[in-house]
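*Asks:* Below are the sequence and a predicted model; questions follow.
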Amino acid sequence: MSNSTPLDDNTTVPKKKGRSLPPKLIIWLGMFVWTTLWRIMMSKLAPTNKSGAYIRPSSQFRNFISTEEGNPYQPAAGRYKLYVGLGCPWAHRTLVVRSLKKLEAVISVCIVSPSPIEGGWIFNEEEQGCRTLVEFYQRVEPGYSGRVTVPILWDNQTKTIVNNESSEIIVILNSQFNEFANNPTLDLYPEELKEKIDWWNEKIYHAVNNGVYRCGFAQSQEAYSQACNEVFTTLDEIDTALQTNRYLCGDNLTLADVRLFTTLFRFDSVYYSLFKCNRRRIQDYQNLGTYLRDLYQLPGVADTCDVESVKRDYYGNLFPLNPGGIIPDGPDMSYLNQPHNRDRISKVNAL
């Protein structure tokens, strides 16, 4: 084979050999550009401190619904609405409590979806004349520049956001709509257990609920390692506690269990791989695995769970963590329907 280019039947000229960049330089340039872009995108997605640890901003709408005189937000059937994303663990809490208290006919739900193009949540159909959740927040509060998040507890009467802090919304749903609920006797935050519930909530929020995000959104090895250690140290502690307790606070299901459940449900399918929380799966724990199945099999809870939406929302929309947008086929979640036998713990304690 001749290393030449034909001009006509009798004339050829030699090919010029092009000069290419050294592979080392190409790799270095690629890493520099991608790392720079990644840090810019991550700063918008997940603000961090100087050590690269993720810092979750606080919610800004913090009103309560109650029968207290003078409160503009009084309990009523059909007045309030929840805006939720099916992939979001914080929004999922509100759906679980709504289902457990059987408030489906009392509080309506609007599902929003994340859009990687819009960079936030969008409505399937316009709500209050808005197409995106950003527009929705700004219509409620012109000039709003805070975090645009779900869940939202919305008041149809005053056309305002009552609350967008999930931990407070579930307290409201638990206590303020009993007059209209079909399961009014269920109390997930009883007075005699509040101190213990609050203790678990504080521990679990920092180390597990938010801890998995601190792993996934960490921008330094040090920040990741610290968060990962806290996640699994606390999961080990919870697993030990569940050896002799059916639920976190004994034989009674509480808001502490609800708040933990929505993180555990997502753990094996998302946090284990995408957020690098891969020391151990929840289903491999002796007690946490059966505890998760116990909660999942409570009446109405499975109806609030959509693992395909969870995977699509995380893998498909967190571009800095999964640039290809490839959504994994697994894992097989059918184990959630297997017998848990955790009711035996209550019977043993009763003896």
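*Replies:* In hand now; what should we look at?

*Asks:* Roughly how far does the most centrally placed residue in the chain sit from Gln221?
*Replies:* Ranked by distance to the mean C-alpha position of the chain (Cα atoms, centre = their mean), the top residue is Pro89 at 3.2 Å. Shown here: Pro89 relative to Gln221, a distance of 25 Å by Cβ to Cβ, to the nearest Å. Bear in mind the C-beta positions are built from the backbone N, C-alpha and C, glycine included.

*Asks:* Then Thr67?
*Replies:* The span separating Thr67 from Gln221 equals 52 Å under the rule Cβ to Cβ.

*Asks:* tally of neighbours for Phe319?
*Replies:* By other Cβ atoms under 10 Å, the residues close to Phe319 number 14.

*Asks:* can you pull out the helices in this protein?
*Replies:* Under the criterion DSSP state H, helices of the chain are mapped to 23-45, 89-100, 133-140, 166-175, 194-204, 211-216, 221-241, 255-266, 288-296, 307-317, 343-350.

*Asks:* Out of these, name the one with the poorest average pLDDT.
*Replies:* Of all those, helix 23-45 carries the lowest average pLDDT, namely a mean of 62.

*Asks:* Am I right that Thr263 is in contact with His92?
*Replies:* No - taking Cβ atoms under 8 Å as the contact criterion, Thr263 and His92 are not neighbours in contact, 9.2 Å apart.

*Asks:* JSON lines please, covering the helices of the chain and showing distance to Leu336.
*Replies:* As requested, these are arranged in JSON lines below (distance: least, Cβ to Cβ, whole Å):
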{"stretch": "helix 23-45", "distance to Leu336": "29"}
{"stretch": "helix 89-100", "distance to Leu336": "14"}
{"stretch": "helix 133-140", "distance to Leu336": "30"}
{"stretch": "helix 166-175", "distance to Leu336": "22"}
{"stretch": "helix 194-204", "distance to Leu336": "20"}
{"stretch": "helix 211-216", "distance to Leu336": "19"}
{"stretch": "helix 221-241", "distance to Leu336": "17"}
{"stretch": "helix 255-266", "distance to Leu336": "8"}
{"stretch": "helix 288-296", "distance to Leu336": "5"}
{"stretch": "helix 307-317", "distance to Leu336": "9"}
{"stretch": "helix 343-350", "distance to Leu336": "16"}
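
*Asks:* Pro116 is nearest to which of these?
*Replies:* Among the helices of the chain, helix 307-317 comes nearest to Pro116, with 4.9 Å by Cβ to Cβ.

*Asks:* Show residues contacting that closest one.
*Replies:* Where contact means Cβ atoms under 8 Å, 6 or more residues apart in numbering, the residues beyond helix 307-317 that reach it are 85-88, 113-116, 265-266, 269-270, 274, 322, 325-328, 333.

*Asks:* filter the residues you listed to the buried ones?
*Replies:* Buried subset of the contacts of helix 307-317 (neighbour count, 16 or more other Cβ atoms under 10 Å): 85-88, 113-114, 265-266, 269-270, 274, 322, 333.

*Asks:* Return the subset of those lying in strands.
*Replies:* Judged by DSSP state E, the subset of the buried ones among the contacts of helix 307-317 located in strands is Gly85, Ser113, Pro114.

*Asks:* Thanks again, I'm all set now.
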